[in-house]
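1. what's the 3D shape of this:
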Amino acid sequence: MQDAEQLQWAEDKWQQIIGKVSLTSRRIGDSFPYISIDGQYYNEEPDWWTNGFWPGLLWLIYRENGDERLRNLADSVERQLDAPLHQYETLHHDVGFMWSLTSVAQYKLLGNPDSRRRALTAASHLMGRYNAKGHFIRAWNQPERVGWAIIDCLMNLGLLYWASEVTGDPRYRHLAMEHS
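-> Numbers count the residues shown, from 1 in each chain. Next up, the predicted model:
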């Protein structure tokens, strides 16, 4: 494929994605879709680890085409994530998946101070999972998994690097580097 053909192919695929997400968003709305079985989406509770993926996709499309309906859905999902953010006990190592794709995205796109505050709160919670003796961020909350770290712990470190960048506080970055 030549460069022009590749660009056209990519643009065609992007337009198909936008069309599918626009259509699907009318069914999903501002919920927390996890899986689809026979075309029916099943939702999870707000503290579920994948709950940033749907609004993250909405923010990506909004960034490119300015679709206000998708922006409003993404914003609503982010606000619903306030419940687990303030219920501390239900949080886990995947706060980066949840708030990087929602709050950090909205803050970068629109400068929303509430989104910044949410993302920094999530980053602080993630820092609170750090095991200083073992130099790692623990994965889950169950007592039998206290010493566990998994690849997702590493994949959530972007939230800490972002927090260090926007606050000028090197502790977030240092902790991310320690874990790595």
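2. compute the number of surrounding residues for residue 168.
-> Here the number of neighbours of residue 168 (other CB atoms under 10 Å) works out to 7. Every residue, glycine included, has its C-beta placed from N, CA and C.
3. which residues of the chain fall in strands?
-> 33-37, 40-43, 130-131, 136-137 (DSSP state E).
4. which elements pack onto the second one?
-> For strand 40-43, the contact count by 3 or more CB pairs under 8 Å, 6 or more residues apart in numbering; DSSP states H and E identifies strand 33-37 as packing neighbours.
5. the strand it packs on pairs with which strands, and in what direction?
-> Applying DSSP bridges to the sheet, strand 33-37 is found paired with strand 40-43 (antiparallel).
6. can you point out the buried residues in the strand it pairs with?
-> residue 41 (16 or more other CB atoms under 10 Å).
7. what's the mean pLDDT across the longest helix seen in the chain?
-> Secondary structure assigned by DSSP state H gives helix 3-28 as the longest helix of the chain. The pLDDT scores in helix 3-28 average 95.
8. hmm, back to that, quick one: which of the strands of the chain is nearest residue 21?
-> strand 33-37 (11.6 Å; CB to CB).
9. I'd like the mean pLDDT over the closest one, please.
-> Strand 33-37 comes out at a mean pLDDT of 92.
10. adding distance to residue 110, write the strands of the chain out as CSV.
-> Formatted as CSV, the strands of the chain follow (distance: least, CB to CB, whole Å):
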stretch, distance to residue 110
strand 33-37, 23
strand 40-43, 26
strand 130-131, 30
strand 136-137, 29
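11. of those strands, which is nearest residue 169?
-> That would be strand 130-131 among the strands of the chain, by CB to CB, at 14.5 Å.
12. count of residues packed around residue 155?
-> 14.
13. ok, which of the strands of the chain comes nearest residue 56?
-> When the strands of the chain are compared (using CB to CB), the closest one is strand 33-37, at 12.3 Å.
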